[in-house]
Structures are given as C-alpha cells and as structure tokens.
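J.: What follows is a predicted protein model with its sequence.
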Amino acid sequence: PVNTLVLWEALTKVEQMPKWYFPQLSSFEAKSGFTTSFKVFNSHRTFTHLWKVIAVVPYSYLKYQWYYLEYTGDSTVEFTLSEKGNASLLQFKHTIKTPFPPNIPEFTEESGAAGWDYLLNRSLKKFLDLNSNYN
C-alpha cells in the first residue's frame, strides 16, 4: 500500500505530476491562489488548460479550478486523501460549474469519465507501482 505522504506528493509535486498526469505540466504548487497553464493538442484543437488552486489542506485535500483559454466552461477538481488501515484512500470529485461546449467530443461526459478513469486508475496507479521507492 501507498502511504498518504507518497500519494500527496504524486498529486502535488511538479517533478512527479507530468509522469502520470499531463506531461506538458511545467509548474504547480499546492498553494491557495497559485495559477498555472499548459497546452494540450488533440484532434486539430488546442486546449490551453488554466488551473487555479482554490483550497489546500496539506496531505489531505486539494481543490483547483479547471477551465480553458479557448472554450467556455468552468469546473473544479477535488482530491481528498485519508488513511484506511495501513493504506491511503483517494477520493476524487470533478464538478462542472459552467457547462463546456457540447459540440466538442473531448467535453462529453463519457470522454471525461474515460479520461479520469485512465488518469487515476491506470496512470497514477502504474506510476506509484513502478516507483517502488514510493511504496
């Protein structure tokens, strides 16, 4: 099992985040008010991700606003960490505050669910499993 400190670092340390989350991410701080941006290109479209950290409780809670330069819409993502026995529990919540354009495939509910499933259940898990010094 992965301890809470290790999981927190995977979610918040800019040296680790690109290895499982977004390779384009070059700056991030788990500090309220911190902002960052990075571009992702897909299907002849550019998605400039804009993130603003809203709330941080070290080692247990992270929330940031997530929106795009090129498109309308606004959302938040929340990561809540807790311990269960000798393991960590990660709870995730993505809340759409203002809908994103419905005519763009990447913004469908199915696409979002598949993306988060991949990132959290496969990519993050693989990152933690492969980096045995984090176990």
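T.: Received the coordinates, thanks.
J.: where along the protein do the helices fall?
T.: 4-12, 17-20, 109-116, 125-130 (DSSP state H).
J.: Restricting to C-alpha, output the shortest one in PDB.
T.: When you say that, I think you mean helix 17-20. Output of helix 17-20 as PDB, limited to C-alpha atoms (Å, rounded to 0.1, in the frame of the first residue of the first chain):
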ATOM      1  CA  MET A  17       2.800  15.100 -11.800                       C
ATOM      2  CA  PRO A  18       4.000  15.000 -15.500                       C
ATOM      3  CA  LYS A  19       5.000  11.400 -15.200                       C
ATOM      4  CA  TRP A  20       1.400  10.200 -14.700                       C
END
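J.: what comes up buried for stretch 4-12?
T.: Within stretch 4-12, the residues that count as buried by 16 or more other C-beta atoms under 10 Å are 4, 6, 7, 8, 10, 11, 12. Where you see a C-beta, it was placed from the backbone N, CA and C, and this is true even at glycine.
J.: Let me fix that, I meant to ask about stretch 17-30.
T.: 17, 19, 20, 21, 22, 25, 28, 30.
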